[in-house]
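> Fold the stuff below for me.
(chains A, B, C and D)
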There are 2 protein chains.
Amino acid sequence: MSSLRILRQNDTPVASAPADGVVCQAARGCSGCLVRHLAVCAALPVSKAHAMEALADDTRLKAGEALVREGEARRGVFTVTKGALRRIRLLPDGRRLVAGFLMPGDFIGFSGTSHYKHTIEAITDSTLCEFSMADMRSLCHDHPELERELLERACVELDATRGNLMALARLNPMERLAGFLVDMAQRRRRQGQDDTEVILPMTRTDIADYLGLTVETVSRSFTRLRQEGSIATDDPHHVRLLDRTRLDALAEARA
Amino acid sequence: MSSLRILRQNDTPVASAPADGVVCQAARGCSGCLVRHLAVCAALPVSKAHAMEALADDTRLKAGEALVREGEARRGVFTVTKGALRRIRLLPDGRRLVAGFLMPGDFIGFSGTSHYKHTIEAITDSTLCEFSMADMRSLCHDHPELERELLERACVELDATRGNLMALARLNPMERLAGFLVDMAQRRRRQGQDDTEVILPMTRTDIADYLGLTVETVSRSFTRLRQEGSIATDDPHHVRLLDRTRLDALAEARA
DNA sequence: CGGCCGGTTGAGCTCGGTCAAAGGTTGTGG
DNA sequence: CCACAACCTTTGACCGAGCTCAACCGGCCG
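Below you'll find the model as predicted:
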C-alpha cells in the first residue's frame, strides 16, 4: 500500500490501525507505550516489546506546561498517551504559529536537528512516554523494524504537513476551517470513535494560529458554518458535523 | 548532532556533506547515483555500492515534462542528478501550489501513500536516477544503513516543510521572498558554491505559487528589495545578494 | 463580587489580490 | 534574416477579503 512501506518485508502488520482511544490495545495502561505501540505496529513479538518497555519513562504535564522549548538541546523522543499538546513557534514581534496538534498515539521526535525547533505545550493535562536518545539508539539497533516503522510514520507526517501548505497558501478561511474539522473527524474515526462530532481541546486562538488566520476570522467562519447548517456547536469545544458533504466539498483541496 | 542521527551507529559518515554540484563526489557521472550517494552517506563500503548501482535507471526529462503525475500509482523513487523540478498540486478551479523545488541531490519518494499526491515537472532539462519499488525494497533489506539514511533525510525535509508553514501562515511578502532567497543561497553553499548569488531556474509564477502570493506581488517584492539595495538582479533568473544582513533579518522567522 | 480569559460581533482600514497594459525575450516560420 | 507570436516580467490603478480595533457577553476563579 503505502510508499515507504516498500521498505517493509511483512506487509501485514499485526495491528497497524489501533482501534483504541489511548494508543493501541497492546499499550493500554502500560508505561512502555512507545515500544509496545511501535513494536506491535512493526509486528515484533510481544515478548520483545516487554523486554524493551522497562526503558520507558512516564511524563505528566499539567495544562499549559511545556514539554520542550524551542532552542533546547534535544533530550529524547515521546509518544502521547493522553491529552493534547500544541507545537508552536513564536516570532520576536509576537506573531505565533501552531505547527500542529499532538494527540494520543502521536510520535514526537522527527527532526533533523540537535535542538528543538518548536516549543511543545500541553493544551490539557497530558501524559507521554519518554525515551532518552541513548535508549532510542539502542532500541533501533536491536530492532531494525522500529526504524522502518519510524520512517513510515515520518513519511505520513510529511504528507500531512505538505497538505497544510496548500491550506495556508491558497485556501480561504471557510475552506481551511472545514479542512481542519474534517481532519479532526478523521482522527477520531481512525481511533474507532464517532466521526460526526469532534472535540476541540484547543482555543480559538490556537486554531487561528494553526490555520494562519486571526481569532476573529476563525470565530466568524465557525458562525458562518453554523448559520449555513454545516455544523452545530453545543459549546466552543464540541462541534457536530451536520453536513459532511458540504464540509468535504469545502475541504476538498487540503491534504 | 542531529536528532534521528541517534539512530546511526557510526556518527562519522564517509562523506555526509558532498562538496560537488552534481550529487556527491562518489556519484559523479555514474548512473547509480542514488545508491552511491546514499551508500557513501551511510558509510557503506564502495564495493557494495558498486554491486547495487546496476539496478539504477537513468531518467531524462525535457523542460516542462512531468516526471510523475498526481494520482498515479507510485512507480519508484528518484534522486535528482541534474536540472531542477517543481512539486505541484492543482485545484479544480485553477489555484496552484508549488510544494517545493527539487534540485541535484534531492531525493523524491518520501510519502505514506501508494499514489502520488503531487505532480512533479521538470523546470529545466533534468536527469534523475530511478529505482523501482521492488529494487528499493530489496536494497533496504540488504543494507539497513540505507533505511537509516532515508529516515534522517525525511526528518530534514520535515523540518524544512514545517519552516515553510511559518512563512505561509504569518510572514509578509518581503519576508517570504527574503527567506526564499536565503534558502536558495544556503543550498548553494552546501554544495560549495558562491552563496552571494543565486540562480533561480523557476519563473516568477512558480515562486509565487511556492510562497502563496501572486506573480505581481512577487515581482513588486523583488523590485522593493532591489530599490532598497538588498539585492541586484542582472536578469530575472540571476540574483546577487548584496545586503545579507538585511536579508537575514527579513528572513529571521522562517525555518 | 470583580477581574480575567475566551468567544463573538461590528465598523473601518489596509495589504495584497485583481485587472489591465506595456516592454522584453525567445522561438518559430516565412 | 526578419516578423510575429507566445510567454515572462514589471508597473499602475483599483478593489475587497481578511485584519485591526473596539465593545460586549458569559463562565470561572480568587
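> Now do the contacts for the residue nearest the centre of chain A.
The centre of chain A sits closest to residue A:102, judged by Cα atoms, centre = their mean, with a distance of 3.6 Å. The contact partners of residue A:102, by Cβ atoms under 8 Å, 6 or more residues apart in numbering or on different chains, come to A:80, A:84-87, A:108, A:120. (C-beta placed from N, C-alpha, C; glycine too.)
> and which of the residues you listed is nearest chain B?
Of all these, chain B sits closest to residue A:87, with 8.3 Å by Cβ to the nearest Cβ.
> one step back: could you identify the most distant pair in the contacts of residue A:102?
Largest separation among the contacts of residue A:102 by Cβ to Cβ: A:84 and A:108, giving 12.5 Å.
> Which residue ranges of the stretch 101-250 of chain A form strands?
Using DSSP state E, counting those that start in this stretch, the strands of the stretch 101-250 of chain A run over A:107-108, A:119-122, A:126-132, A:197-199, A:231-235, A:238-241.
> looking at the ones you listed, which has the lowest confidence?
The minimum mean pLDDT among these belongs to strand A:126-132 (a mean of 90).
> Please identify the buried residues of that one?
A:126-131 (16 or more other Cβ atoms under 10 Å in any protein chain shown).
> Would you map the helices across the stretch 1-150 of chain A?
A:33-41, A:46-53, A:133-142, A:144-170 (DSSP state H, counting those that start in this stretch).
> weakest of those helices by average pLDDT?
Lowest mean pLDDT within the helices of the stretch 1-150 of chain A: helix A:33-41, at a mean of 52.
> So which residues on chain A come close to DNA strand C?
Contact residues, chain A versus DNA strand C (Cβ under 7 Å from any atom of the strand): A:203-205, A:215-216, A:218-220, A:222-223, A:233, A:236-237.
> again, 6 Å this time
Residues of chain A found near DNA strand C (Cβ under 6 Å from any atom of the strand) are A:203-205, A:215-216, A:219-220, A:222-223, A:233, A:236.
> If any of those residues are buried, put those into a PyMOL selection.
A single PyMOL command suffices to select whichever of those are buried according to 16+ other Cβ under 10 Å:
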select buried, chain A and resi 204+222
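> In helices, which of the residues of chain A next to DNA strand C appear?
In this view, these that belong to helices under DSSP state H are A:204-205, A:215-216, A:219-220, A:222-223.
> Quick check: the farthest pair among those?
It's A:205 and A:223 that sit farthest apart of these, by Cβ to Cβ, at 16.3 Å.
> Quick check: beta-bridge partners of the residue nearest to residue A:100 when sequence neighbours are not counted?
Nearest non-adjacent residue to residue A:100, counting by Cβ to Cβ, 6 or more residues apart in numbering or on different chains: residue A:87, 4.6 Å away. On DSSP bridges, the residues paired with residue A:87 through beta bridges are residue A:100, residue A:120.
> Identify the residues contacting residue A:87.
Neighbouring residues of residue A:87 by Cβ under 8 Å, 6+ apart: A:98-102, A:118-120.
> nearest to DNA strand C, of the residues you listed?
For the contacts of residue A:87, the residue nearest DNA strand C by Cβ to the nearest atom of the strand is residue A:98; the value is 12.5 Å.
> What's the local residue count around the closest one?
Per other Cβ atoms under 10 Å in any protein chain shown, the neighbour tally for residue A:98 reads 23.
> That one contacts residue A:212, correct?
No. Here residue A:98 lies out of contact with residue A:212, judged by Cβ atoms under 8 Å, at a distance of 9.5 Å.
> Throw the residues of chain A next to DNA strand C into TSV and include distance to chain B, thanks.
Formatted as TSV, these follow (distance: Cβ to the nearest Cβ, whole Å):
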residue	distance to chain B
A:203	17
A:204	16
A:205	13
A:215	14
A:216	16
A:219	18
A:220	18
A:222	19
A:223	22
A:233	24
A:236	22
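> Also within reach of DNA strand D: list those from the residues of chain A next to DNA strand C.
Intersecting the residues of chain A next to DNA strand C with the surroundings of DNA strand D, defined as Cβ under 6 Å from any atom of the strand, gives residue A:216.
> of all the residues of chain A next to DNA strand C, which comes closest to residue A:161?
Nearest to residue A:161 among those, counting by Cβ to Cβ, is residue A:205 at 21.2 Å.
> Once you drop chain neighbours, what's closest to that closest one?
residue A:215 (5.2 Å).
> picking that back up, and the strands of the stretch 101-250 of chain A: which comes nearest residue B:160?
For residue B:160, the closest of those is strand A:107-108, at 18.0 Å, according to Cβ to Cβ.
> Return the residues in contact with the closest residue to residue A:126 other than its chain neighbours.
What sits nearest to residue A:126 in space, not counting adjacent residues and going by Cβ to Cβ, 6+ apart, is residue A:83, at 2.6 Å. The neighbours of residue A:83, taking Cβ under 8 Å, 6+ apart as the test, are A:61, A:104, A:122-127, A:201.
> could those residues go into JSON lines alongside distance to residue A:171?
Output for these, formatted as JSON lines (distance: Cβ to Cβ, whole Å):
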{"residue": "A:61", "distance to residue A:171": "32"}
{"residue": "A:104", "distance to residue A:171": "27"}
{"residue": "A:122", "distance to residue A:171": "29"}
{"residue": "A:123", "distance to residue A:171": "24"}
{"residue": "A:124", "distance to residue A:171": "28"}
{"residue": "A:125", "distance to residue A:171": "33"}
{"residue": "A:126", "distance to residue A:171": "30"}
{"residue": "A:127", "distance to residue A:171": "34"}
{"residue": "A:201", "distance to residue A:171": "23"}
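> If you go by neighbour count, which of the residues you listed are buried?
When the contacts of residue A:83 are checked against 16+ other Cβ under 10 Å, the ones flagged as buried are A:61, A:104, A:122-123, A:126-127, A:201.
> bridging residues for residue A:77?
Bridge pairing for residue A:77 (DSSP bridges) gives the partners residue A:131.
> Closest one of the contacts of residue A:87 to chain B?
Chain B has its nearest neighbour among the contacts of residue A:87 in residue A:99, at 5.2 Å by Cβ to the nearest Cβ.
> Get me the contact residues on the stretch 101-250 of chain A for chain B.
Proximity of the stretch 101-250 of chain A to chain B, by Cβ under 8 Å from any Cβ of the partner chain, involves residues A:109-114, A:117-118, A:133, A:136-137, A:140-141, A:144, A:147-148, A:150-159, A:161-166, A:168-170, A:209, A:211-212.
> could you redo the last one with a cut-off of 7 Å?
Listed as neighbours of chain B in the stretch 101-250 of chain A under the rule Cβ under 7 Å from any Cβ of the partner chain: A:109-114, A:117, A:133, A:136-137, A:140-141, A:144, A:147-148, A:150-152, A:154-159, A:161-162, A:164-166, A:168-170, A:212.
> Make a ChimeraX selection of whichever of those residues turn out to be buried.
To isolate the buried members of these in ChimeraX, using 16+ other Cβ under 10 Å:
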select /A:109,110,111,112,117,133,136,137,140,144,147,148,150,151,152,154,155,156,157,158,159,161,162,164,165,166,168,169,170,212
